[in-house]
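Participant: Sharing a model that was predicted from the sequence below.
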Amino acid sequence: MNSGKNILKIALLLGILLSGFQIAAPGQSPNTLNDEVTTNTDGSADAEKDNKTIRGISDMWTLTISPDGKRIQKANGSDWFWLGDTGWSLFQELNRKDAEYYFSTRASQGFTVIQAVVVMAWSRGWNDADAYGHRPFHDGDVSKPNEKFWIHSDWLINKAKEYGLYIALLPAWGSYWGNQATVEYAQWITNRYKDCANIIWVNGGDREVGNDTELFNQLGRVFDTDEDALTTFHPRGGDPSSKHFHNEKWLDFNMQQSSHGKRDIRADYQVDEDLIKTPTKPTLNGEPNYEDHCVGWKKNCSEGTFNAHDVRQLAYWTVFAGATGITYGHVHVWDFYNGGNEEDGYQDWKVQMRDPGAVQMGYLKNLMMSRPHPGRAPAQQILADESPGGLKQRVIMGDGYAFVYTSQGFNMSVNFDELPWKRSKAWWFNPKSGKATQIDTIPGKGKYTFDPPGISGGDNDWVLVIDDAARDYPAPGNVMTAK
């Protein structure tokens, strides 16, 4: 977050007013919803105004960057983990009943962030209507917002907060910026939601930066006027935000998109690259391989689909490389086609959002939250020897613990002399079930080879957890409570 934000905010707001951009009707506060709309019993329109989510003074919701620059944490210093879901079409597809089902399900699975686009593209055109037939703008003109659409958007953001969820908000899909979606629109929507506690601003939107670096810098500076919210950039696949915007003050953390082109993409290598840049900023994968997505977009899924193991492998690799979290996605969920659609094999999103990969991402979050975050860093040096499948092993070490991930259950050789404690306690953590089993006998020093349960190969992935016995940590996956 950059200094001098208040001055910049005033200048931007003056610019809006001077340009004649319509923020509110005469006599209406920009942050007050006083249009009379009728809503039905399902919430489509029958009551008068909805209350907006107002950011409180407490640090309960405010996110900030850790002192070492590598993690997102709560402003009060407590640990937090980004577990995102790509609910891209939330604002234009879901009515209130379905949105509550979606939020409650993802919250129960441990998700903390929903990535969503207010004005989505892809399978729809500019100014497409929401579930109640309300379009974002009158005549498609961003200077003429349709309050009925925006009241529903306010409700969605507020309802997500009730379930403990942040909204990583893309005001428009990337293809619209600089065309229908303008900097003035960015100013208007930032002003509307700047007091919302659970907003994370997301610039871009699967858009090649190309010659539009300055456009996205302008947008980033606008979003950054929301002093209490973090800002990032959702990039095109293979074109991470750090390549274009790492040194920009508005960019609080980096994002990559490893996308859906092939199996075994080493997105963790991009994490490695991001974390050695200066200044240090957190990083994460904001669009990995979607569960059930055709590998490489092949017709008739001729190379198969990404399964739960593909999802877990990529997630554990990147998080153990030091990412501040991970985003999950499901090809049957992100666009919320009721009853499914031809491309996705006519699957029902309400059923598919309970697929194994989604549930198992919650186990990863629980594992990471079961040990303290400060000081956590990659630690490949504790691996003693290259073993079969060793290239698919990643290690991260924190204050009194180390996690070693093997994506296919091959043996892991650990040099205990590389651990900064004397007595160890070890566990097997199962990424498929979230269960931990203590290992009876381990050495105190020297090299030791661990043989994970089951038969090596396939989807037999495991996490070896080695604790400093003096710390008396709970079983891996049992989330630590703040003291």
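Facilitator: Looks like it came in fine. Numbers count the residues shown, from 1 in each chain.

Participant: Going by C-alpha atoms from here, please, whenever you check contacts or count neighbours.
Facilitator: Will do.

Participant: Please pull out the lowest mean pLDDT helix or strand from the chain.
Facilitator: Within the chain, no helix or strand scores below helix 5-19, which has a mean of 41 by mean pLDDT, DSSP states H and E.

Participant: Run the chain-centre distance for the helix or strand containing Phe403.
Facilitator: Secondary structure from DSSP states H and E places Phe403 in strand 401-406. Here strand 401-406 is found 23 Å from its chain centre; the criterion is Cα atoms, centre = their mean, to the nearest Å.

Participant: can you pull out the helices in the stretch 301-450 of the chain?
Facilitator: Taking DSSP state H, counting those that start in this stretch to define them, one finds helices in the stretch 301-450 of the chain at 308-320, 349-352, 356-369.

Participant: residue contacts, Val319?
Facilitator: With contact taken as Cα atoms under 8 Å, 6 or more residues apart in numbering, Val319 is in contact with 268, 284, 325-326.

Participant: quick check: mean pLDDT across stretch 355-374?
Facilitator: For stretch 355-374, mean pLDDT is 98.

Participant: Output that stretch as PDB, restricted to C-alpha atoms.
Facilitator: Output of stretch 355-374 as PDB, limited to C-alpha atoms (Å, rounded to 0.1, in the frame of the first residue of the first chain):
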ATOM      1  CA  ASP A 355     -16.100 -33.200  -5.600                       C
ATOM      2  CA  PRO A 356     -13.000 -34.700  -3.900                       C
ATOM      3  CA  GLY A 357     -10.600 -32.000  -4.900                       C
ATOM      4  CA  ALA A 358     -12.600 -29.200  -3.300                       C
ATOM      5  CA  VAL A 359     -13.000 -31.100   0.000                       C
ATOM      6  CA  GLN A 360      -9.300 -32.000   0.000                       C
ATOM      7  CA  MET A 361      -8.200 -28.400  -0.400                       C
ATOM      8  CA  GLY A 362      -9.800 -27.800   3.000                       C
ATOM      9  CA  TYR A 363      -7.400 -30.500   4.400                       C
ATOM     10  CA  LEU A 364      -4.400 -28.600   3.000                       C
ATOM     11  CA  LYS A 365      -5.600 -25.400   4.600                       C
ATOM     12  CA  ASN A 366      -6.100 -27.200   8.000                       C
ATOM     13  CA  LEU A 367      -2.600 -28.600   7.700                       C
ATOM     14  CA  MET A 368      -1.100 -25.200   7.100                       C
ATOM     15  CA  MET A 369      -3.100 -23.600   9.900                       C
ATOM     16  CA  SER A 370      -2.000 -26.300  12.400                       C
ATOM     17  CA  ARG A 371       1.400 -24.800  12.600                       C
ATOM     18  CA  PRO A 372       2.600 -21.200  13.000                       C
ATOM     19  CA  HIS A 373       3.200 -19.300   9.800                       C
ATOM     20  CA  PRO A 374       6.000 -16.700  10.700                       C
END
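
Participant: could we number from 139 for the rest of this?
Facilitator: Yep, numbering from 139; the last one is stretch 493-512 now.

Participant: Can you pull the phi and psi angles for Gly424?
Facilitator: Main-chain dihedrals, Gly424, degrees, to the nearest 10: phi -90, psi 0.

Participant: partner residues bridging the closest residue to it other than its chain neighbours?
Facilitator: Of all residues not flanking Gly424 in the chain, Thr465 sits nearest, at 5.2 Å (Cα to Cα, 6 or more residues apart in numbering). Listed by DSSP bridges, the beta-bridge partners for Thr465 are Gly222.
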